[in-house]
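Q: Here's my sequence, what's the structure:
(one chain, ligands or ions: 1)
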Amino acid sequence: MLRIFTDFDGPIMDVSERYYQVYQYCLEAAREPGQAVTQLPKREFWRLKRAQVPERQIGGISGLHDDQARRFALLRREMVHNRAYLKYDCPVTHAVEALQRIQHLTEHLAVVTMRRQYALGFALSQYALEHFFPPQVRYCLPDQYVKSHDVIEKTRLVGEALAELSPVSETWMVGDTEADIEAAKAHNLPMIAVLSGIRDRDRLAAYNPDFIVDNLQAAVTIIAEQTSSASKS
Ligand SMILES: [Mg+2]
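A: Below you'll find the model as predicted:
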């Protein structure tokens, strides 16, 4: 029996527009009146995010002075999870078809995400995705929760899911960041990193996932191949 743990933002949800909107807001808020700044085009902004360029540096590249860039980074951290911006998220192209394919492959699908409960619920209901993830397979952060390091939180959530859900013979994990890869490794799970999220190939390769593919569709294809070849051998 097969189970798939998927991360939410990256494999399923595209958060690039939300991050870009927040970037524009914070850039505007951090500059002095009359100060000329360079608003990066979305494509360039997202390329920097995927290369894991620190927020302060993105502020600097956009023309903010050092202390402004520091404030910009702090404000950004505060705003990016603000409820008002969640509406900018949309499903990754073909992610819904990929979820349907997973349903044909296994009934054991769970989501493991750093989203807060309200933010996960919001996206699931906005795009009618609730039926893929009934409440008992939603592993996320409580609404009022001070998060520590992503790797630690993700590893803990995966551990909880493994302990609570019915045992299966094989569990795969899909995600788009180093936190997903490290969490999978900590629990000895095969891991597929997808390029449809907030890290580029170089960043992902540095953490040595088992596979790096374009998106959740491609990840499902690999899981289907690997599990059918394993059952034949
Ligand atoms: Mg993610």
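
Q: what residues does the protein put near the ion?
A: 7, 9-10, 176 (Cβ under 5 Å from the ion). Every C-beta, even on glycine, is put in place using the N, C-alpha and C of the backbone.

Q: So what's the gap between the longest helix along the chain and the chain middle?
A: Looking across the chain with DSSP state H, the single longest helix is helix 216-232. Its chain's average C-alpha position is 22 Å from that of helix 216-232, according to Cα atoms, centre = their mean, to the nearest Å.

Q: other SSEs contacting that helix?
A: Here helix 216-232 touches strand 2-6, helix 95-105, strand 170-175, strand 191-194, strand 211-213, going by 3 or more Cβ pairs under 8 Å, 6 or more residues apart in numbering; DSSP states H and E.

Q: re earlier: mind putting the residues of the chain next to the ion into TSV with neighbour count and pLDDT?
A: Formatted as TSV, the residues of the chain next to the ion follow (neighbours: other Cβ atoms under 10 Å; pLDDT from 0 to 100):
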residue	neighbour count	pLDDT
Asp7	26	98
Asp9	24	98
Gly10	26	98
Asp176	27	98
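
Q: Same list (the residues you listed) but as TSV, adding distance to Arg70.
A: Output for those, formatted as TSV (distance: Cβ to Cβ, whole Å):
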residue	distance to Arg70
Asp7	30
Asp9	26
Gly10	27
Asp176	27
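
Q: Check the protein for the residue nearest the ion and tell me.
A: Gly10 (3.4 Å; Cβ to the ion).

Q: gap between that residue and Leu162?
A: Going from Gly10 to Leu162 by Cβ to Cβ, to the nearest Å gives 21 Å.

Q: Check Pro135 too.
A: Pro135 is 18 Å from Leu162, where distance means Cβ to Cβ.

Q: and those two? which has more neighbours close in?
A: Per other Cβ atoms under 10 Å, whichever of Pro135 and Leu162 has more neighbours is Leu162, with 17 against 9.
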